[in-house]
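**Q** got a structure for you, letters missing:
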């Protein structure tokens with residue numbers, strides 16, 4: 001059961017694992033939740049604002065955000081990063097594994113972003129949190145160094161493959177590593193993301209309610225030209 005005497009993050013980790021977390025672990029989750037709480041008008045936030053604009057209520061707005069986040073193209077990226085790292089297995093395998101994946105036309109998880117054309121600044125914030133956990137003995141030894149080696153190999157290869165528009169590391173790459181170190185199973189990664197993003201959805205929904213306008217985007221018909229009436 002929840003313990004109201006604990007902070008939000010510390011209690012979540014205690015309920016997950018049955019024991020109170022180390023301070024560095026709670027601080028790492030706090031850093032993650034703050035990093036992902038808002039990120040512009042992404043799909044889930046837009047869905048939350050549209051529902052809020054109908055005055056359906058804040059609960060319905062958050063449910064709309066969760067429904068949009070359920071889609072793998074929005075909230076499902078960190079889990080496959082773990083699959084990729086496990087598939088590579090060791091730093092010396094990284095280059096060959098990545099080259100083979102790109103030759104098959106596979107997508108490299110944890111690289112590239114629809115908005116950022118440079119390195120996602122959130123990635124380094126999470127990387128720092130993982131490093132602090134490791135220094136406190138609260139992270140798997142060697143895992144961060146392995147991920148850094150994979151990242152370097154991937155960026156070198158991507159730069160060679162796409163010299164005009166090289167892909168860079170995004171937030172999902174180090175999100176996966178951080179949540180794995182905290183013993184969250186990959187199947188729960190999107191749920192943890194929703195914990196942080198709920199604050200952003202509510203902020204957007206409240207702002208939308210304050211404006212009082214219904215969101216109704218215009219559309220332009222671009223189909224076949226109708227025949228003229230006789």
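**A** That came through fine. Nothing here was measured: the structure is a model prediction, and the numbers come from that model.

**Q** what residues sit buried inside stretch 76-95?
**A** Residues 76-82, 84-85, 88, 91, 94-95 are the ones in stretch 76-95 that count as buried (16 or more other C-beta atoms under 10 Å). Every residue, glycine included, has its C-beta placed from N, CA and C.

**Q** and the next element down the chain from the least confident helix or strand in the chain by mean pLDDT?
**A** When the helices and strands of the chain are scored by mean pLDDT, DSSP states H and E, helix 72-75 comes last with a mean of 80. Of the helices and strands lying after helix 72-75 in sequence (DSSP states H and E), the nearest is helix 78-88.

**Q** give me the mean pLDDT for that next one.
**A** What helix 78-88 shows for mean pLDDT is 89.

**Q** swap in stretch 218-230?
**A** Here the average pLDDT along stretch 218-230 is 82.

**Q** for the least confident helix or strand of the chain, name the packing helices and strands.
**A** Counting contacts by 3 or more C-beta pairs under 8 Å, 6 or more residues apart in numbering; DSSP states H and E, helix 72-75 packs against helix 43-53, helix 189-211.

**Q** quick one on the thing from earlier: looking at the buried residues of stretch 76-95, which is nearest residue 227?
**A** Lowest distance from residue 227 to the buried residues of stretch 76-95 (C-beta to C-beta) belongs to residue 76, with 45.0 Å.

**Q** leaving out sequence neighbours, find the closest residue to residue 149.
**A** residue 91 (3.8 Å; C-beta to C-beta, 6 or more residues apart in numbering).

**Q** how about residue 195?
**A** Nearest non-adjacent residue to residue 195 (C-beta to C-beta, 6+ apart): residue 33, at 6.2 Å.

**Q** coming back round to it: quick one: closest of the helices and strands packed on helix 72-75 to residue 2.
**A** Per C-beta to C-beta, nearest to residue 2 of the helices and strands packed on helix 72-75: helix 189-211, 13.7 Å.

**Q** got the angle for that closest one vs helix 78-88?
**A** Helix 189-211 and helix 78-88 are oriented at 150 degrees to each other (axes from the mean of the first three to the mean of the last three C-alpha atoms, to 10 degrees).

**Q** which other helices and strands does helix 189-211 contact?
**A** helix 23-36, helix 43-53, helix 58-69, helix 72-75, helix 78-88, helix 171-181.

**Q** what's the angle between it and helix 43-53?
**A** Inter-element angle recorded for helix 189-211 and helix 43-53: 40 degrees (by the same axes, to 10 degrees).

**Q** flag every buried residue along helix 189-211.
**A** So helix 189-211, judged by 16+ other C-beta under 10 Å, has buried residues 189-190, 192-198, 200-202, 204-205, 208-209.

**Q** correct me, but residue 14 touches residue 26?
**A** No. Using C-beta atoms under 8 Å, residue 14 is not in contact with residue 26; the gap is 9.6 Å.

**Q** okay, the two: which has more neighbours?
**A** Neighbour totals were compared for residue 14 and residue 26, and residue 26 leads with 22 against 16 (other C-beta atoms under 10 Å).

**Q** tell me which helix or strand the closest residue in space to residue 108 that isn't next to it in sequence sits in.
**A** Spatial nearest neighbour of residue 108, chain neighbours left out: residue 154 (5.9 Å); criterion: C-beta to C-beta, 6+ apart. In the assignment (DSSP H and E), residue 154 maps to helix 143-161.

**Q** nothing else from me, thank you.
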